[in-house]
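> the sequence and its predicted three-dimensional model are supplied below.
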Amino acid sequence: MAESKRLRVIHEAPSPFGTVYVVDDGDQRSLRFDSAEGTLQSAILKSDPLAVATDYVRLAATGLTLTRGRKRMLVVGLGGGSIPRLLHRRLPHVRLDVVELNPVVVDVAWRFFGVREDSRLRIHVEDAARYILRREPPYDLIFLDAFTDGGTPEHLKETLFLEAVRGRLAAGGAAVLNVALERPLALEARIATFARVFPGCAVLRGSPETGNRVLLGSRLPVPAEPVFRKRLLHLARELELPGLPQSIVAFSRVPG
């Protein structure tokens with residue numbers, strides 16, 4: 001296995017969608033695709049696996065400010081399981097479904113990142129575009145977190161898919177879309193497509209160092225920033241993430 005001065009590859013496995021790497025860098029263990037130096041997909045701290053190790057997870061969790069529902073949630077894209085593990089741990093009454101296309105990622109998440117299914121967390125190895133069309137109870141929150149080093153798969157960017165996502169939301173539900181890896185020239189069109197599907201839409205940015213950016217979408221109008229910030233304080237207490245409000249450096253509503 002490859003090894004560098006900083007990164008130590010502890011596992012690599014071929015998959016139908018490229019090689020999957022598990023990489024240790026000191027106390028941090030990360031999941032990467034295509035190369036050991038590829039974009040960090042998910043991470044944990046070996047000394048404290050339950051800690052939230054990346055700013056992106058905090059950023060994505062802010063979608064909970066748009067919905068009071070805490071019954072059913074969907075995560076598209078498992079990675080190392082950072083988002084499902086946070087929701088499972090901090091929201092004891094929520095039922096979580098996770099959709100992951102790559103079976104190798106599911107195996108790696110179980111073996112190296114401590115992801116476990118139980119009565120409240122189920123993992124479905126399936127294409128999200130097919131799964132989202134199932135006739136099942138609606139979700140209070142849907143996290144769209146499926147991506148590679150090249151960004152979100154093309155068929156998960158299309159209007160039809162996003163409309164299907166909106167159709168699976170409860171009346172007061174919300175969706176969170178990861179756009180951190182979108183190419184700058186494509187980002188504006190990506191935001192415009194999302195805003196057309198979700199009348200309530202906002203762009204959130206994390207620190208400039210990370211470049212993290214997510215879209216929040218809802219059927220209802222997104223609140224003004226002061227209201228959003230107030231809700232964020234309540235959410236930080238609910239999730240026991242005291243640094244959550246400070247992780248959002250910019251909030252802007254997008255007209256539909």
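Looks like it arrived, so ask away.

> lowest average confidence, helix or strand, in this protein?
Least confident helix or strand of the chain, by mean pLDDT, DSSP states H and E, is helix 184-197 with a mean of 87.

> contacts for it, please.
With C-beta atoms under 8 Å, 6 or more residues apart in numbering as the test, helix 184-197 has contacts from 151, 157-159, 162-163, 165-166, 177, 179, 182, 201, 203, 215, 217, 254-256. Where you see a C-beta, it was placed from the backbone N, CA and C, and this is true even at glycine.

> quick one: name whatever helix or strand follows it.
Using DSSP states H and E, the helix or strand that follows helix 184-197 in sequence is strand 200-205.

> in that next one, what's buried?
200, 201, 202, 203, 204, 205 (16 or more other C-beta atoms under 10 Å).

> before we move on, back to that, in strands only, show me the contacts of helix 184-197.
177, 201, 203, 215, 217, 254 (DSSP state E).

> tell me what angle the least confident helix or strand of the chain forms with strand 200-205.
For helix 184-197 against strand 200-205, the angle by axes from the mean of the first three to the mean of the last three C-alpha atoms, to 10 degrees is 150 degrees.

> circling back: mind giving me the ChimeraX command for buried ones among the contacts of helix 184-197?
To isolate the buried members of the contacts of helix 184-197 in ChimeraX, using 16+ other C-beta under 10 Å:
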select :151,157,162,165,166,177,179,182,201,203,215,217,254
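
> verify the stated contact: residue 138 with residue 72.
Yes - applying C-beta atoms under 8 Å as the test, residue 138 and residue 72 come out as touching, 7.3 Å apart.

> ok, the spatially closest residue to residue 127 that is not a sequence neighbour to residue 130 distance?
Closest residue in space to residue 127, ignoring its immediate chain neighbours: residue 101 at 5.5 Å, by C-beta to C-beta, 6 or more residues apart in numbering. As judged by C-beta to C-beta, to the nearest Å, residue 101 and residue 130 stand 10 Å apart.

> compare the two (neighbour count), which wins?
Per other C-beta atoms under 10 Å, whichever of residue 101 and residue 130 has more neighbours is residue 101, with 23 against 11.

> let me see the contact set for that one.
Neighbours of residue 101 in contact, by C-beta under 8 Å, 6+ apart: 17, 125, 126, 127, 128, 146.

> so where's the stretch 151-256 of the chain shaky on pLDDT?
The stretch 151-256 of the chain contains residues with pLDDT under 70 at 151-157, 256.

> what's the answer for the stretch 1-150 of the chain, then?
Across the stretch 1-150 of the chain (using pLDDT under 70), the flagged ranges come out as 1-5, 147-150.

> can I get stretch 214-228 in CSV? Just the C-alpha atoms.
Taking C-alpha atoms only, stretch 214-228 is exported to CSV below (Å, rounded to 0.1, in the frame of the first residue of the first chain):
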residue,chain,number,x,y,z
VAL,A,214,-24.4,23.9,0.9
LEU,A,215,-27.8,24.8,-0.4
LEU,A,216,-30.8,24.7,1.9
GLY,A,217,-34.2,24.2,0.2
SER,A,218,-37.8,24.2,1.5
ARG,A,219,-41.3,24.5,0.2
LEU,A,220,-41.7,27.4,2.6
PRO,A,221,-39.9,30.7,2.5
VAL,A,222,-36.4,30.6,4.1
PRO,A,223,-36.3,32.9,7.2
ALA,A,224,-34.3,36.1,7.2
GLU,A,225,-30.8,35.8,8.5
PRO,A,226,-31.6,37.1,12.1
VAL,A,227,-34.3,34.4,12.5
PHE,A,228,-32.0,31.7,11.0
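
> for it, list every residue counted as buried.
Counting neighbours by 16+ other C-beta under 10 Å, stretch 214-228 gives 214, 215, 216, 217, 218, 219, 222, 223, 228 as buried.

> cool, stretch 96-111 as well?
Buried residues in stretch 96-111 (16+ other C-beta under 10 Å): 96, 97, 98, 99, 100, 101, 102, 104, 105, 106, 108, 109.

> gap between the two ends of it?
20 Å (C-alpha to C-alpha, to the nearest Å).
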